[in-house]
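Colleague: this one's sequence-less:
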Ligand code: KIV
Ligand code: ZN
C-alpha cells in the first residue's frame, strides 16, 4: 500500500524570497486560492514579523483559505510568535512554523549563541507557540550541516516543548539524495511515529527535487516546496516535479490534483514575474515539444516512445512539434495534414525537400505559416486540397500531382 505524504507549499514565503519578487496581499490570496484547489495540505503564507504588509497579507490568506492549513513563519523570538498569532487569528487551521539555525556556522557566526542558548530558545519559543496554536512545526535551519548528536538534542527539545512536526531543511542544498534520505530516516527512527518529519530542500547543486524524493523514501511524511521551484538563490524543491515523481513512480500519494499543474505554474510565473526556463521539467515550454525527426516519428507512432510524463497528467494540452532542419518527412506530412493538405508520396518528398532547404537557411524554427507557404509554392495551390476543386484529369497540374 502506498503511503500518504502531505504537501507543505511555501511559494508565498520561501518562494517570495526569490530575489526581486514581492507579492502583495492580493497576489498571495490569488495564488493561495489556486493552491487550495490544487490540493496542498498546508500553505505557508508568509513571515508576519518581517513587515506589517506581510502580516496583513498572511491575515488575508488566513481569512480566505478554508480547507487547508495556513502556516506562518516565526524566529525563536517572542515578537515573531505574537505576530504569527495575530496574522493567523482568522485561520481555520493555523500552524506556527518556528525555526532556529542549529549548525555551528549559524550558531557561532550568525546568531552568536551557544548550543545551550539554542536549546533554551527552542524550548521557550516552541512552548510559547504551543500555548497559542493547535499545531507547531519546528525547523532546525541548516539541519543538514548540524552535528548529528546536537540535531537530535534540538529535535528532542522541540518535541518535548510541544512541536508535532520536525522539519529538517537542507538550507544551502549541501546534500546528495543518499545523504538526505539517511538524515531523514535517522530522524524518523529517533522521533517515532507520533511526530511528522518534514523535508525542505534547496537547489544549490540542482538536487532539490531528488533530495525531497529521497526524503519520502527515507520516511518523511511531509514535503515542502514551491511552485516552479522558486525561492532563495537556486530555489526550492519544485512541488510539481515532486508530485509527478511520487505519482508516476508509485512512491506515495499526495492528494494533489496534478492536472492543475500547467495552469498553476503559469499563474505563479505571471504573478511573480519569474519566467519558466523552456527546458524546465513538467512545466517548461519545451517539456512536451519535439524537434528531431526521429523523435517526431516516434511520437506520431506511439507517444510513449519519447514521453514518460503524459502531458494530460499535468493538464498540458499535448505535445507539439518544432519544425527545424532536424525534422523528418513524417512530421512534415503530419503538419501538412493539420493544415488541411493531404499530400501524395511525391508531394511529401517535394515539400520536404523545399522545407529542409528553407530550414537550413533559417535562423530559428520554421513556423506553420512558413510551412503553409512552402506547400503552396510546391503544390501550386495555397488552399488545402479539400477546398480545391479537382481539375480535369487531362489538365494535370502540380497541385494535382502532389496534393491528393
Ligand atoms: O531553508 C530553510 O532553512 C528555511 C527555514 C526557515 C525553514 O526556509
Ligand atoms: Zn528554505
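Modeller: That came through fine. Since we're looking at a predicted model, the values are computed, not measured. Ligands and ions are numbered 1, 2, ... in the order given.
Colleague: near ligand 1, which residues of the stretch 51-200 of the chain?
Modeller: Residues of the stretch 51-200 of the chain that fall close to ligand 1, judged by Cβ under 6 Å from any ligand atom: 99, 139, 141, 167, 169, 171, 200. All C-beta atoms are positioned from the backbone trio N, CA, C, and that covers glycine.
Colleague: what's the third one in contact with, if anything?
Modeller: Put plainly, it is residue 141. By Cβ atoms under 8 Å, 6 or more residues apart in numbering, the residues touching residue 141 are 99, 100, 101, 102, 103, 106, 169, 171.
Colleague: Quick one, which of the residues of the stretch 51-200 of the chain next to ligand 1 are buried?
Modeller: Neighbour-count burial (16 or more other Cβ atoms under 10 Å) is assigned, among these, to 99, 139, 141, 167, 169, 171, 200.
Colleague: Show me what the helix or strand hosting the last one is packed up against.
Modeller: Element membership of residue 200 [criterion: DSSP states H and E] is strand 196-201. With contacts defined as 3 or more Cβ pairs under 8 Å, 6 or more residues apart in numbering; DSSP states H and E, the packing partners of strand 196-201 are strand 135-141, strand 165-170, helix 177-191, helix 208-217, strand 222-225.
Colleague: buried sites along stretch 95-103?
Modeller: For stretch 95-103, by 16+ other Cβ under 10 Å, it's 95, 96, 97, 98, 99, 100, 101, 102, 103.
Colleague: Make sure I have this right: the second one is in a strand.
Modeller: Looking back up the chat, that one is residue 96. Yes: counting by DSSP: H, G, I helix; E, B strand; the rest coil, residue 96 falls inside a strand.
Colleague: sorry, back to before: farthest pair in the residues of the stretch 51-200 of the chain next to ligand 1?
Modeller: Spanning the widest gap among these are 167 and 171, at 10.6 Å by Cβ to Cβ.
Colleague: intersection of neighbour lists for those two?
Modeller: 143, 200.
Colleague: on that earlier part again, name the residues that touch the strand holding residue 200?
Modeller: 6, 8, 10, 137, 139, 164-171, 173, 180, 184, 187-188, 191, 207-209, 211-212, 215-216, 219-225, 236-237.
Colleague: Just checking: what are the partner strands of that strand?
Modeller: Under the criterion DSSP bridges, strand 196-201 sits next to strand 165-170 (parallel), strand 222-225 (parallel) in its sheet.
Colleague: now for these, which one comes closest to residue 307?
Modeller: Here strand 222-225 is closest among the strands paired with strand 196-201 (Cβ to Cβ), at 23.6 Å.
Colleague: Could you export the buried ones among the residues of the stretch 51-200 of the chain next to ligand 1 to TSV, including columns for pLDDT?
Modeller: Formatted as TSV, these follow (pLDDT from 0 to 100):
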residue	pLDDT
99	99
139	99
141	98
167	99
169	99
171	98
200	99
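Colleague: and the strand holding residue 200, which residues are buried?
Modeller: Under 16+ other Cβ under 10 Å, the buried positions of strand 196-201 are 196, 197, 198, 199, 200, 201.
Colleague: pLDDT score for the fourth one?
Modeller: Turning to residue 199, the model gives it a pLDDT of 99.
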